[in-house]
Every structure is written in C-alpha cells, then in structure tokens.
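Student: what's the 3D shape of this:
(one chain, ligands or ions: 1)
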Amino acid sequence: MRRRLGSLDVSVVGIGAWQLGGRAWNVDVREVLSAVERAVELGVDFVDTAEIYGAGRSELMLGELVRRRDVTVATKVGGHNYGRVEKAARASLARLGRIDLYQLHWPPPPYAPLCRPIRDMERLVDAGLVREIGLSNFAGRLLEEALACAKRHEPVSVQVHYNPLYRRAELEVFPIAGRAGLTVVSWSPLAKGAALGRWGPDRARRIDGSVRKRATTEWGRRVVEAVMRIAEARSVSPAAVVLAWHKAKGALPIPGVKSPAQAEALAEALRLDLDEGEVKAIDGAAGPQALEGGLVPRARLLPATLQRLLLSLYPI
Ligand SMILES: NC(=O)c1ccc[n+]([C@@H]2O[C@H](COP(=O)([O-])OP(=O)(O)OC[C@H]3O[C@@H](n4cnc5c(N)ncnc54)[C@H](OP(=O)(O)O)[C@@H]3O)[C@@H](O)[C@H]2O)c1
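Tutor: Here you go, the predicted model:
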C-alpha cells in the first residue's frame, strides 16, 4: 500500500524531523539522524520538516540524507512569513537540496490576505522550485477558503494534529479533504508518546500540554490500554498499532523518532493492518472529548512580527 500526494507516491507511514532541530526535544541529533536513516533503510520514504525546526537545523541535517537517499521530502514555510514565501523557499531549498512538497505551516494572521501565500506557492511550482503544495493547521471554513485561493495548482495535502487522543480532524478536516482529494498528514501521530502511555521532560511536550491532559483522563487511559492490548495480541510494538490505526483511517502519519530502535516500529507499521474491530476498540475506548479541541494554532492571531519575535526568543 502507498499514498498519493498529487504526483508524489510515498510510503503509508512517513517520518517527522522536528526532533532533528534539537531545540525543543531532549535528543542527540546524530542519534535522531541515525533513526531517520534506519527508517529509510526499512522502507519509509517520506520525510517531513519545517524551516522553523531548530531555525533551519532540521532541514540542514536532513539535506545530507536527501542528497544521498531516494526519499520524498516535505517542508513548511511559517504563517508569519506569508509575505516572504519565495525567499523562505529558496533558503529551505539551499539547506535541503530539493523540495517535493511545500506546505504553509499555519494560516497567516487574520489581517493578512489568506490567498497571497497560496498564490506565491503556486508560482514556486511554475518556477520548478517545488513539485507540489500543501496546507498545515487549516480546518473547517478556513481550509475551504484556502482551497478556493488556488487557481493553477491544487494543494495535495493538509497536515493536522491527529491521533487516537485528538480526533477533532474527523469532524473538521477529513470530510473536506475527502471532497477535495487531499491526503490528511497526521502530526503528533503518537500524541507525542502519550498514546503509548509515555511522557518525557521535553519542551515540545510542555508546549502542547493537551496531550498529557488527555492521556491521564480515565478515557485517555482506556485508549492507551486498548492500544497495549492489541499490541500484545499481535506481538507488535504499541507504536506500530497506533501508526496502523492512522493507516486504517486513510491518514499519513509522520512520527518523530529519537533512536534507531524506535524506527523499527515504523517498519512494523508498514506491514500491519488493523481490522475493523481493532480500530473500533481504540475509537470506542475514547470519550466524546477526543473529538473536542482546536486545530488552528492560536499564535496565528498574533501579528507576524510578534510571532517572529516569539520564535526567536523561544526557538523550537
Ligand atoms: N504541522 C505542524 O504544526 C506540526 C506540529 C507538530 C509536529 N509536526 C510534525 O509531526 C512530527 C511528529 O510529531 P511529534 O514529534 O510532535 O510527535 P509524535 O511523533 O507523536 O511523538 C514523538 C515522540 O514519541 C516517542 N516515540 C517515537 N517513536 C516511538 C516508538 N517507536 N516507541 C515509543 N515511543 C516512541 C518519542 O519520544 P520519547 O522516546 O521521549 O518517549 C518521540 O519523540 C514532527 O516531527 C513534525 O515533523 C508538525
């Protein structure tokens, strides 16, 4: 089984490279790079990064691998850079060597024209700088409005927060994506480890407190137990079960792995298909609260200059 992102053909499980930035996660970036290498060796051929991860460091590190390996690479331009898309794309291109999928990381501030970055991204396709374009952290009406902006090149994907503890996208994203032919790319597909009952001291996890809160509720614990039960019955890792749940939902998960050992779970997930009963067991364990929450970052409401200042003071 493979996934289509417009003209791109990628493995059903990808890999996220935020950890390679090394700022918000407690990691040894060389170890993370070995983890990405291992995942690629095992058949994962879609890698996702962003200009803001480690202020370009994730792209730079990944660029080493992109130049050597046959992978499809996706990156993102921050919503605060809505007026500087070409400049940002050229900087990312210099670090990565190639951009297959270029995504708008989050919507521009409400005072800025929504269509401007999307039209600029279309021009990048025309200029041959990127192959496909996508959206990230768009949902509901905002997603529909953004899709209506595209005139020459349709976005092929929408990347959103989605995992067994955070399923709001099933209401606000999947129906629109289905109609528009977009692939849903799941970020934090393992709920930053919380869907496996794991939690660590990383700043990335503190920034996103909602996952821990959900994992420690009674219904959150039931979801983790359901994942563990299936993992035991199938003799696979709990991470593989969660990633196979994404496959069953038609989404493309991009887990962030910290070590080659964790990368093995991605290969297990490529081979694992959950049956309907197993998907229902995970979904049924959750309460209706799994469908609550927002999908568009509130930081988007700040002026772009303030967003830039915050990112320079608290780099991620
Ligand atoms: N578009 C956006 O706004 C956005 C936002 C966030 C993330 N993303 C993308 O999504 C990617 C993934 O999200 P994420 O890193 O936030 O969360 P995640 O993939 O849900 O969780 C990552 C964490 O889970 C643990 N883990 C990974 N593999 C494991 C395994 N096999 N067994 C047990 N634990 C495992 C690791 O932490 P420990 O080992 O410390 O437990 C790892 O740091 C990012 O790298 C980034 O590319 C995009």
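
Student: Excluding residues flanking it in the chain, which one is nearest residue 201?
Tutor: Closest residue to residue 201 apart from its sequence neighbours, by Cβ to Cβ, 6 or more residues apart in numbering: residue 26 at 6.3 Å. Yep, even glycine has a C-beta here, placed from its N, CA and C like the rest.

Student: My guess is the one you found contacts residue 202. True?
Tutor: Yes. Between residue 26 and residue 202 there is a contact under Cβ atoms under 8 Å: 5.2 Å.

Student: Tell me which of those two has more neighbours.
Tutor: Taking other Cβ atoms under 10 Å, residue 26 and residue 202 do not tie; residue 202 has more neighbours (16 against 13).

Student: In space, what's closest to that one - neighbours in sequence excluded?
Tutor: residue 25 (4.7 Å).

Student: what's the neighbour count on that neighbour?
Tutor: Neighbour count for residue 25, taken as other Cβ under 10 Å: 23.

Student: Could you do residue 314 as well?
Tutor: Residue 314: 11 surrounding residues under other Cβ under 10 Å.

Student: Would you state the predicted confidence (pLDDT) at it?
Tutor: pLDDT, the model's per-residue confidence, is 89 for residue 314.

Student: give me every residue that touches the residue in the stretch 201-316 of the chain that the ligand sits nearest to.
Tutor: Going by Cβ to the nearest ligand atom, the ligand is nearest to residue 256 of the stretch 201-316 of the chain, at 2.6 Å. Contact analysis of residue 256 by Cβ atoms under 8 Å, 6 or more residues apart in numbering lists 15, 16, 17, 18, 19, 25.

Student: Now for the nearest residue to residue 302 once chain neighbours are set aside, how many residues are close by?
Tutor: Once flanking residues are discounted, residue 302 sits nearest to residue 109: 6.7 Å by Cβ to Cβ, 6+ apart. Residues within reach of residue 109, counting by other Cβ under 10 Å, total 19.

Student: which residues touch residue 109?
Tutor: With contacts taken as Cβ under 8 Å, 6+ apart, residue 109 has the following neighbours: 79, 80, 82, 300, 301, 302, 303, 304, 307.

Student: is it true that the fifth one touches residue 111?
Tutor: Translated: residue 301. No. The pair residue 301 / residue 111 is not scored as a contact, 9.8 Å apart, by Cβ under 8 Å.

Student: So between those two, which is more surrounded?
Tutor: The neighbour comparison of residue 301 against residue 111 (other Cβ under 10 Å) goes to residue 301, with 13 against 8.

Student: In space, what's closest to the residue of the stretch 201-316 of the chain closest to the ligand - neighbours in sequence excluded?
Tutor: Among residues not flanking residue 256 along the chain, residue 16 sits closest, at 4.2 Å (Cβ to Cβ, 6+ apart).

Student: quick one: the one you found and the ligand, what's the gap?
Tutor: Using Cβ to the nearest ligand atom, to the nearest Å, one gets 2 Å for the distance from residue 16 to the ligand.

Student: again with residue 65
Tutor: Between residue 65 and the ligand the computed distance is 14 Å (Cβ to the nearest ligand atom).

Student: That residue and residue 38 touch, don't they?
Tutor: No. Applying Cβ under 8 Å as the test, residue 65 and residue 38 come out as separate, 11.2 Å apart.

Student: For the stretch 101-250 of the chain, just list every one of the strands.
Tutor: Applying DSSP state E, counting those that start in this stretch to the stretch 101-250 of the chain gives strands spanning 101-104, 132-136, 157-161, 183-187.

Student: hmm, the last one touching the ligand?
Tutor: Yes. For a cut-off given as Cβ under 6 Å from any ligand atom, strand 183-187 has contacts with the ligand, namely residue 187.

Student: helices or strands up against that strand?
Tutor: In terms of contacts (3 or more Cβ pairs under 8 Å, 6 or more residues apart in numbering; DSSP states H and E), strand 183-187 is packed against strand 2-5, strand 132-136, strand 157-161, helix 174-180, strand 252-253.

Student: and residue 261, how many neighbours?
Tutor: The number of residues packed near residue 261 is 11, by other Cβ under 10 Å.

Student: Now it: which helix or strand?
Tutor: Assigned by DSSP states H and E, residue 261 belongs to helix 260-271.
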